[in-house]
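In: Starting from these lines, generate the structure:
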Amino acid sequence: MAKRKNPFQPLLDRIPAPARNRYFMVSILFLAWMVFFDKHDILTQFKLQSSQERLKADKSYYEKKIEEAKADKKDIERDKEKFAREHYYMHKDDEDIFIFVEE
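Out: Just a heads-up that it's a prediction; the model follows:
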């Protein structure tokens, strides 16, 4: 029985020997799959990382706002009239209000 010649043998001979190793090829394919095609590919990970950083910044911003709101609540509870005059510029009909802002 005659042995058939592989039509792809000239192409296979051009590939360097380490690249012809099946374990090397499987490793490269696995790496390419994980980097480009997987559900958790690198692009998705970068997007998630930037989203996480943005959410952390938002969290700190809103925590500061909550602290300011708590301080305003304490001011309101202590002196409602003073708070209304300073923040909403309320005044009686026969008086003028001057607000001095410290810089």
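In: State the distance from the residue nearest the centre of the chain to Phe83.
Out: In the chain, the residue lying closest to the centroid (C-alpha atoms, centre = their mean) is Ser51, at 1.5 Å. From Ser51 across to Phe83, the span is 38 Å (C-beta to C-beta, to the nearest Å). Every residue, glycine included, has its C-beta placed from N, CA and C.
In: packing partners for the longest helix anywhere in the chain?
Out: Criterion DSSP state H: the longest helix present in the chain is helix 42-78. Here helix 42-78 touches helix 80-88, going by 3 or more C-beta pairs under 8 Å, 6 or more residues apart in numbering; DSSP states H and E.
In: Quick one: list the elements packing against the helix it packs on.
Out: The helices and strands touching helix 80-88, judged by 3+ C-beta pairs under 8 Å, 6+ apart, are helix 42-78.
In: swap the cut-off to 6 Å and go again
Out: Helices and strands touching helix 80-88, by 3 or more C-beta pairs under 6 Å, 6 or more residues apart in numbering; DSSP states H and E: there are none.
In: That helix versus helix 42-78: what angle between them?
Out: For helix 80-88 against helix 42-78, the angle by axes from the mean of the first three to the mean of the last three C-alpha atoms, to 10 degrees is 140 degrees.
In: Buried residues in helix 80-88, which are they?
Out: Of all the residues in helix 80-88, those buried under the rule 16 or more other C-beta atoms under 10 Å are 83, 85.
In: Start at 48, not 1
Out: Happy to do that; since the first residue is 48 now, the last one works out to helix 127-135.
In: what's the distance between Lys52 and Pro65?
Out: 25 Å.
In: hang on, I meant Glu100
Out: 40 Å.
In: Tyr135 now?
Out: 77 Å.
In: cool, Lys112 as well?
Out: Distance, Lys112 to Pro65, by C-beta to C-beta: 59 Å.
In: Then His87?
Out: Going from His87 to Pro65 by C-beta to C-beta gives 29 Å.
In: same thing with Val148?
Out: Applying C-beta to C-beta to Val148 and Pro65 gives a distance of 73 Å.
In: Phe130 too?
Out: According to C-beta to C-beta, Phe130 and Pro65 sit 76 Å apart.
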